[in-house]
Every structure is written in C-alpha cells, then in structure tokens.
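K.L.:
the sequence and its predicted three-dimensional model are supplied below.
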Amino acid sequence: MLWLALCALSSLGLLALLAYYLPVSLTSNLQARAEPSGSWVFALGVGLGPFAFSALAAHGVEPFLTCHLFGKQLVRLPLSRWLARRAKQPEPERRTKALDLSRIERAIARFFQSLDPLEALLSLLSSWEGKRIFRVQALELDVEYSFRDVALTGQILAGLCMLSGVLPERYVINQTPLWACEDRLSLVADGRFRIWPVRLAVDVLGFVLKQRSVARRSAVPASE
C-alpha cells in the first residue's frame, strides 16, 4: 500500500509539473444575435482537448450549460435556478432574506464578493502580457449591425476601423454596417488560445487574495 501511495503521489506531482511548464490549446466560438422584434440569442462554445463546454441563452429560453466528452453529453446544468429562487420570493423577503444557496455557493460568493469582474479581468489581462500564462494565438470577429440612429452606426464604423488599424495581426475585425435604420446586431467570434493551467490558477488565486486583503485594509479605516 505504501508503494501504491508513493506511485500515486509521484504521478500527481509529475502531472502538476507538466501542467506548470506545458501549455494546452483552447478553442472558442461565440455567437450572438439581436433582432428589431426584441428577440435575441447568445451561444458560447469552448473546446479543450476531448472536452467541450457550451452555454446558451435566448429570449424565452432558460439559459443552460452543458459539458461533453468525445461528443457525448456528460452534464447539463440550468443557469437560471438562482433567478428562479429569487423570483419566487415576495419583494419584502428579497430585501431581508438571502438566497437559499448551498454552502459551496455561499463560500464562493464570499470569496469573490469584493471583486469587480470587469476591473479584475482587465487587471489580469494586463498582468499576463508577455508571460507564459495566457496567450491569444488568433481572434477573429465578424460583426453586422445597424441602429435607428444612422449617426451611431457611422460612429461605430469609424471606431472599429480605427481599432482594426492598431490591433496586432492576430486580431481581425470584419464588420458590415447595414444602414437599415433599425436596431439589429449579429456577432460571431472565433478564437484560439494557449493556456498554462497551473500558472493560470496560481496567478488568479494570488490576485483574488491580494484584492481581498486590499478590501479589508480599506474597510478598517472606514469603520473607524
């Protein structure tokens, strides 16, 4: 039994070491569409080796997340159960009573409650620049759009043209303004990325702990 435990620990250590130094390739596809009638759809797919993850949300359809292995569905999770729980509570109870979340959900919420998602994402991306943590190999965006305000359509056209001129070659933006005088949007994005999983996990964990420490230090003078 001792030899088996040593072999298992050695194998886990070797896998962790390989995951630290060797990257994995990740592909993604995002599609979104919004129509003048108010209907909309959003779909995201991510491929990582034999695994594939997809998320779907649409007008009139409850959002859900699925996981596939070699094309076979392993699990399908509804993403709307938190909203459904909240909708069932009367308005006064929503203000005074917390959501009936599981212990794991509450722990995750407490861990990330001091973070601004957009600010955290931008900070992480800037810190990863030039490091072997997360690297964009190629990202292509195809977008079609029109707005009732024709001037707004022209402004977005000019802005995307300027952005295309300053982005690196691995970023490609293909745009088609429709000039239809109605609110309409269609977006397709294909990306290929390279990720160092262990380095990524360590860096994200360190960033979250640092932000929580800063939030605690700023909360102490405010309470005094």
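P.N.:
That came through fine.
K.L.:
going forward, measure contacts and count neighbours with C-alpha atoms only.
P.N.:
OK.
K.L.:
mind naming the longest helix for this structure?
P.N.:
Ordering each helix of the chain by length in residues (DSSP state H) puts helix 197-223 first.
K.L.:
could you check how far it is from the centre of its chain?
P.N.:
19 Å (C-alpha atoms, centre = their mean, to the nearest Å).
K.L.:
and it, what does it pack onto?
P.N.:
Contacts defined by 3 or more C-alpha pairs under 8 Å, 6 or more residues apart in numbering; DSSP states H and E place helix 197-223 against helix 2-21.
K.L.:
what's next to the helix it packs on, contact-wise?
P.N.:
196-199 (C-alpha atoms under 8 Å, 6 or more residues apart in numbering).
K.L.:
what would those residues look like in CSV with pLDDT, neighbour count and distance to Glu144?
P.N.:
Formatted as CSV, those follow (pLDDT from 0 to 100; neighbours: other C-alpha atoms under 10 Å; distance: C-alpha to C-alpha, whole Å):
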residue, pLDDT, neighbour count, distance to Glu144
Trp196, 86, 20, 34
Pro197, 82, 19, 34
Val198, 82, 18, 38
Arg199, 84, 18, 37
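K.L.:
still on that earlier bit, give me the angle between the longest helix of the chain and helix 2-21.
P.N.:
Angle between the axes of helix 197-223 and helix 2-21 is 80 degrees (criterion: axes from the mean of the first three to the mean of the last three C-alpha atoms, to 10 degrees).
K.L.:
helix 197-223: which residues count as buried?
P.N.:
By 16 or more other C-alpha atoms under 10 Å, the buried positions in helix 197-223 come out as 197-200, 208, 211-212.
K.L.:
flag the shaky bits of this protein, pLDDT-wise.
P.N.:
Filtered on pLDDT under 70, the chain yields the residue ranges 1-2, 19, 80-118, 122, 129-130, 215, 219-224.
K.L.:
what are the ranges of the helices in the chain?
P.N.:
2-21, 81-88, 91-96, 103-112, 117-128, 150-166, 197-223.
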